[in-house]
Each structure stands twice: as structure tokens, then as C-alpha cells.
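Colleague: Compute the structure for the input listed below.
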Amino acid sequence: MLTPLNSFDELSLGQGFAFGSFSVSQDEIIAYASKYDPQPFHLDPEAAKAAPLFGGLVASGLHTMGCCFGLIMGSGLFRAVSLGGSQIDTKWPAPLRPDETVAVTGLVETLKPSKSKPELGVVLMRYTGTRVADQKPVIEMVATHFLKR
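Modeller: From the prediction side, this is the model:
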């Protein structure tokens, strides 16, 4: 667990955070896909072998995103200051396969105190989920957060 922020003003440009790591099992990938992203390369290991982009079962990008945000929000960093967000630009540069470990980090890219609402600030955070085995990113997100000052 990270030390919770008490104010937007405690952040600085270039500040980095490590949120821990996660992995998803084949059963978790299939269960998530069955409910939220029913595509053959997420649902069926045999059918996934024929998928030209992946050649095997892979986690849904939305599943990967949810796992990352579970770590980020579960870290407690934003618990006392979060007022929500407005946007997440996301890329999935490499697939996430069953039982691969992903480390999640964050970097403060932009800090902007609100002019119209001085009680809040806007921070742009770059989050990266990196596959530990080969250091390849499986997800890259730039998220806009509104935080209390």
C-alpha cells in the first residue's frame, strides 16, 4: 500500500509510483471473456491457436485494464483525494497470456491547478503494465484524474 495523498499539491512532475503486480489464469481470462468480451481468442485455447495476431489464448484488453486499475485504486494513493476522471487513452502493444506477471507503474506527466475550481487540480498520469518476463508493455494508459487540493 502506498502512502495516501492528502492533496493534489503533493504531486510533482515526473514523480513515479509502483503499484505492484498481477497475473491472470486461463480460467480467469475465459470467465471474464465469457461475460464481457466473448471473442474466440479470449474464450477457447484451441480456437485461439488459429488467431493470426495472437496464436494462443490472451486476456481481453479490458480485463487487463481492470486488473491494472484494481492495483492503482487499491494502492490507496488516491483514496482521500480522488474526484473521478474524464478520460483514459489506452494502447495494448503486446498480448497478455495466462499466468504472465505484469508490473504496474505510474508517472505524473502533467499537473494543472483548476482556475475555475481552485479546490481541485487535474493530473495526467501515464500508467504502464509491463510483462515481467521480457519487460514488454502489455498496456499503456494516459488517464486524467481530478484531485482535491
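
Colleague: how far away is the residue nearest the centre of the chain from Thr101?
Modeller: Nearest to the geometric centre of the chain sits Cys68, at 3.3 Å (CA atoms, centre = their mean). To Thr101, Cys68 is 13 Å away according to CB to CB, to the nearest Å. For glycine as for every other residue, the C-beta is placed from the backbone atoms N, C-alpha and C.

Colleague: Overlap of the contact sets of the two?
Modeller: When contacts are counted by CB atoms under 8 Å, 6 or more residues apart in numbering, Cys68 and Thr101 are jointly contacted by Phe22.

Colleague: can I assume Phe41 is in contact with Pro52?
Modeller: No: counting by CB atoms under 8 Å, Phe41 does not reach Pro52; the two are 9.6 Å apart.

Colleague: So if I had to pick from these two, which one is more boxed in?
Modeller: Phe41 (24 against 6; other CB atoms under 10 Å).
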